[in-house]
Structures are given as structure tokens and as C-alpha cells.
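Student: With the input below, show me the fold.
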Amino acid sequence: MHEKYGLYHRTFYDKVDMLDTNVTSSHTALETNLVCLLDAQQYQYTTELDMVKLHLDEPVDHFKQLGDAKKGEGGQNRPGNGSRRPGGEGSSGG
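Tutor: Residues are numbered from 1 along each chain as shown. Below is the predicted model of the structure:
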């Protein structure tokens, strides 16, 4: 009877050890796959973000040029120089 118990005991612990090995192996495989998937996803997001930046460069440059052009002609359009005041330059009594 004692021999049977020892055999069952050893068989049980052998199976537990095998299960532990399988769980550890599966955990490592899942972790590796997850890291690979995250790397691929990060690369995809980075690539898409670069494309968005490239697509936005042209409109942003265009708006900058419009702003610069408006500033360049702005000497006549700014209220501080008198040309756009209501009534014109000569209406104040001169």
C-alpha cells in the first residue's frame, strides 16, 4: 500500500511539474507574441502619424504664406496708420 501511495504521489507531482512547465512555456510564448504585436502596432501608428504630418505640411505652409503676405501688405490695413479710420484722413478738420 505504501508503494502505491509513493507511486501516486510521484505521478501527481510529475504532472504538476509538467503543468508548471507548460504554463511557463505558454506564458513566455504569449508574452513574446504580445510584444511583437505591440511593436507592429506602434510601427503602424508611427507610419500613419508621419503620413498625417506630411499631408498637413502643405496646408500649414499655405496658411503661413497667407499670413506672411497679409502682414507684408498690412502697413496699409492696420488701424494705427490712419488710412482705415472711419471718415478718412481729412475728415478730422484739416
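
Student: Could you pull out the helices in the protein for me?
Tutor: Along the chain, counting by DSSP state H, helices occupy 2-77.

Student: residue ranges with poor pLDDT in it?
Tutor: Within the chain, the set of residues satisfying pLDDT under 70 comprises 74-94.

Student: mind redoing it with 90?
Tutor: Low-confidence segments of the chain (pLDDT under 90): 1-7, 68-94.

Student: Residue 48: neighbour count?
Tutor: Look at residue 48: counted by other Cβ atoms under 10 Å, it has 10 neighbours. All C-beta spots, glycine's among them, are computed from the backbone N, C-alpha and C.

Student: Next one: it from residue 55, what distance?
Tutor: 11 Å (Cβ to Cβ, to the nearest Å).

Student: swap in residue 36?
Tutor: 29 Å.

Student: before we move on, what about residue 67?
Tutor: Computed as Cβ to Cβ, the residue 67 to residue 55 distance reads 20 Å.

Student: next one: residue 47
Tutor: Counting by Cβ to Cβ, the separation of residue 47 from residue 55 is 13 Å.

Student: now swap in residue 73 and tell me
Tutor: Distance, residue 73 to residue 55, using Cβ to Cβ: 29 Å.

Student: just residue 16 next, same as before
Tutor: Taken as Cβ to Cβ, the span from residue 16 to residue 55 is 58 Å.

Student: same thing with residue 40?
Tutor: 23 Å.

Student: ok, now residue 8?
Tutor: Applying Cβ to Cβ, the value for residue 8 to residue 55 is 69 Å.

Student: ditto for residue 49
Tutor: Distance, residue 49 to residue 55, by Cβ to Cβ: 11 Å.

Student: Many thanks, I have nothing further to ask.
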